[in-house]
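Colleague: here is a sequence with its predicted model. Questions after.
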Amino acid sequence: QVQLVESGGGLVQAGDSLRLSCAASGRTGSTSSSYVMGWFRQAPGKEREFVAAISRSGGTTSYADSVKGRFTISKDNAKNTMYLQMNSLKPEDAAVYYCAGSSRFSLSRRSVEYDYWGQGTQVAVSS
């Protein structure tokens, strides 16, 4: 079992950058390298949507088309922390961003395939 805690959200202006962090903790041997990890987001009145995912080793990534080229997902397994660097933010990027962990071995864009979730961090973007 792993606990995930997001941080780094806030209010920014359109065009600004923000970096989200997700710290993983749990029983010995349960580290960020043990899981595929991803970022999802949910805006008011909308369904939760996939943003990005990263493999256990950190060597493979996947992005939603809406953020490709602007967002970068990365992880530091030594620190058990995953990051989402968000550049050129748009008002439509505003949402609660969730960190998630999956016991699967392959990347997934489906929220149902993630076993562990953080509590979310709010990102607001003013135009």
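Modeller: On my side now, so go ahead. Since this is a predicted model, take the numbers as computed values, not measurements.
Colleague: how about the secondary structure of the most centrally placed residue in the chain?
Modeller: With distances taken as CA atoms, centre = their mean, the residue of the chain nearest its centroid is Trp39 (2.4 Å). Taking DSSP: H, G, I helix; E, B strand; the rest coil as the rule, one finds Trp39 in the strand state.
Colleague: count the neighbours of the residue nearest to it when sequence neighbours are not counted for me.
Modeller: Nearest non-adjacent residue to Trp39, counting by CB to CB, 6 or more residues apart in numbering: Val51, 4.2 Å away. (Each C-beta comes from the backbone N, C-alpha and C, glycine too.) For Val51, the neighbour count with other CB atoms under 10 Å is 25.
Colleague: Val51: which element?
Modeller: Applying DSSP states H and E as the criterion places Val51 in strand 49-54.
Colleague: in the sheet, which strands lie alongside that strand, parallel or antiparallel?
Modeller: strand 36-42 (antiparallel), strand 61-63 (antiparallel) (DSSP bridges).
Colleague: for Val96, which of those strands is the nearest?
Modeller: Minimum separation from Val96 across the strands paired with strand 49-54 (CB to CB) falls at strand 36-42, 5.3 Å.
Colleague: low pLDDT regions in the chain?
Modeller: Residue ranges of the chain with pLDDT under 70: 28-30, 32.
Colleague: quick one: contacts for the closest residue to Ser108 other than its chain neighbours?
Modeller: Sequence neighbours aside, Ser102 is the residue nearest to Ser108 in space, at 6.0 Å (criterion: CB to CB, 6+ apart). Ser102 is in contact with 35-38, 108, 113-116, counting by CB atoms under 8 Å, 6 or more residues apart in numbering.
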